[in-house]
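Peer 1: structural data only, the sequence is not supplied:
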C-alpha cells in the first residue's frame, strides 16, 4: 500500500499526540503506597524538603508543605509563585513556567518548520504538470492559428491570381491598361 508524504506526516503527528495524551493522562493505580513522611516533618532546609518530589518549599516563611495536587500551580494563598520552589531550590515557579513555555514554543515551532520543509522539499522546484500542460495547449492553439492563417492567405492569393490582381511571373498575360 502506498502512502503519500502528507498522510505519513499526519499519521506521525497523530501518533505523537496519542502517545502524549496517554503519558499525560492520570492513571487509576490502586497499589498501596508505602507510608511516607509528611512534608512538614522533612526539615527546615530547601534541599531536605525537595528531596521528596511531592513536597513544595515556600521561601517566604521557610516551610515545607505537601504540593497541592488538585491545582496545576500552587495557589498564591499557599505560597506566591515567585517564592515557591519545587524540584530544585534555585528555580522558582515563575522562572520554571517561563522556561517551560519557551522550550515548548521552540519545540512546537521546530516541529512546524520541519513539517513545512518536508512538504516543500517534495514539491519540484520547476514548473509543475499543470503549468506544463497549460503551456503545451497554448502552443498547440497558436500553431493551429498560424496554420489557419497561412491557409487563408493561400486561398486569398489564389483568388487574386485568378482575377489578375497580383502580378504573376508564371502568367505572361496581364490586364491591359489604357494610357
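Peer 2: Looks like it came in fine. On a predicted model such as this, the values are computed, not experimentally measured, just so you know.
Peer 1: contacts, neighbours, all on C-alpha from now
Peer 2: Will do.
Peer 1: please enumerate the helices of this structure.
Peer 2: With helices called from DSSP state H, the chain shows them at 5-24, 46-49, 93-122, 129-162.
Peer 1: dump those to TSV, plus mean pLDDT, mean neighbour count and distance to residue 76.
Peer 2: Below are the helices of the chain laid out as TSV (pLDDT from 0 to 100; neighbours: other Cα atoms under 10 Å; distance: least, Cα to Cα, whole Å):
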stretch	mean pLDDT	mean neighbour count	distance to residue 76
helix 5-24	66	12	25
helix 46-49	88	20	19
helix 93-122	89	12	11
helix 129-162	93	12	61
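Peer 1: now these as CSV including distance to residue 80?
Peer 2: Shown next, in CSV, are those (distance: least, Cα to Cα, whole Å):
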stretch, distance to residue 80
helix 5-24, 26
helix 46-49, 16
helix 93-122, 9
helix 129-162, 62
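Peer 1: the ones you listed: which one's closest to residue 84?
Peer 2: Closest to residue 84 of the helices of the chain is helix 93-122 (Cα to Cα; 5.9 Å).
Peer 1: packing partners for the closest one?
Peer 2: If contacts are counted by 3 or more Cα pairs under 8 Å, 6 or more residues apart in numbering; DSSP states H and E, helix 93-122 sits against helix 5-24, strand 84-86.
Peer 1: just to revisit the earlier point, relative to residue 62, which of the helices of the chain is closest?
Peer 2: The closest of the helices of the chain to residue 62 is helix 46-49. By Cα to Cα, the value is 7.9 Å.
Peer 1: contacts for the closest one next, please.
Peer 2: Applying Cα atoms under 8 Å, 6 or more residues apart in numbering, the contact partners of helix 46-49 are 39, 42, 43, 55, 56, 57, 62, 64, 88, 89.
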